Every structure is written in structure tokens, then in C-alpha cells.
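>>> Take a look and give me a structure for this.
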Amino acid sequence: MLNFDEEIKKFEKSLEPDEIDDALVSADITDMDDIMFKIMKDASDDKSHLQ
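A predicted model of the protein is given here:
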């Protein structure tokens, strides 16, 4: 059976639309661009010591 008091304790208010942008910008999120730049930098660093 559902325990209403326990469910209320778990509740988290959702962000308002004007708060979402700030939350996303301040979050440290790795996206595909970050991954690709890291791979390209690592590949470039690996090649630079061969010259």
C-alpha cells in the first residue's frame, strides 16, 4: 500500500522555466562535443611526441 507521508518526503519541486537555463549552464555535463574534442586532443598529443 502507498504510504502518503513517505512519498511527500521524497517529493522534489520541479524547476520553473526561467530557472532551467541557469541549472543547465551551471551543471557539469559532458556532451558529445566535449568527448570529441578530448579524443582529438589526445590523438594530437600522442602524435606530437613522435615528431
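>>> list the contacts for K41?
Contact analysis of K41 by C-beta atoms under 8 Å, 6 or more residues apart in numbering lists nothing. C-beta: built from backbone N, CA, C; applies to glycine.
>>> so for the helix or strand containing it, what's the average pLDDT?
K41 is part of helix 32-48, with elements assigned from DSSP states H and E. The average pLDDT within helix 32-48 is 86.
>>> which residue is nearest the middle of the protein?
I29 (2.4 Å; C-alpha atoms, centre = their mean).
>>> Would you mind giving the secondary structure of it?
coil (DSSP: H, G, I helix; E, B strand; the rest coil).
>>> Can you report phi and psi for it?
Dihedral angles phi and psi of I29 (degrees, to the nearest 10) take the values phi -110, psi 130.
>>> In terms of pLDDT, where does it sit?
On the pLDDT scale, I29 gets 73.
>>> Relative to E12, how far out is it?
From I29 across to E12, the span is 19 Å (C-beta to C-beta, to the nearest Å).
>>> Which helix or strand contains E7?
Here E7 is covered by helix 4-10, with elements defined by DSSP H and E.
>>> Next SSE downstream of that helix?
In N-to-C order, the element after helix 4-10 by DSSP H and E is helix 17-26.
>>> Now tell me what touches that next one from outside.
Residues outside helix 17-26 that contact it (C-beta under 8 Å, 6+ apart) are L15.
>>> Send me that helix as PDB with only the CA atoms.
Provided in PDB are the C-alpha atoms of helix 17-26 (Å, rounded to 0.1, in the frame of the first residue of the first chain):
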ATOM      1  CA  PRO A  17      11.100  27.600 -16.800                       C
ATOM      2  CA  ASP A  18      13.400  30.600 -16.100                       C
ATOM      3  CA  GLU A  19      15.400  28.500 -13.600                       C
ATOM      4  CA  ILE A  20      16.100  25.700 -16.000                       C
ATOM      5  CA  ASP A  21      18.600  27.600 -18.200                       C
ATOM      6  CA  ASP A  22      20.700  28.500 -15.100                       C
ATOM      7  CA  ALA A  23      20.600  25.000 -13.800                       C
ATOM      8  CA  LEU A  24      21.800  23.500 -17.100                       C
ATOM      9  CA  VAL A  25      24.500  26.100 -17.600                       C
ATOM     10  CA  SER A  26      25.900  25.600 -14.100                       C
END
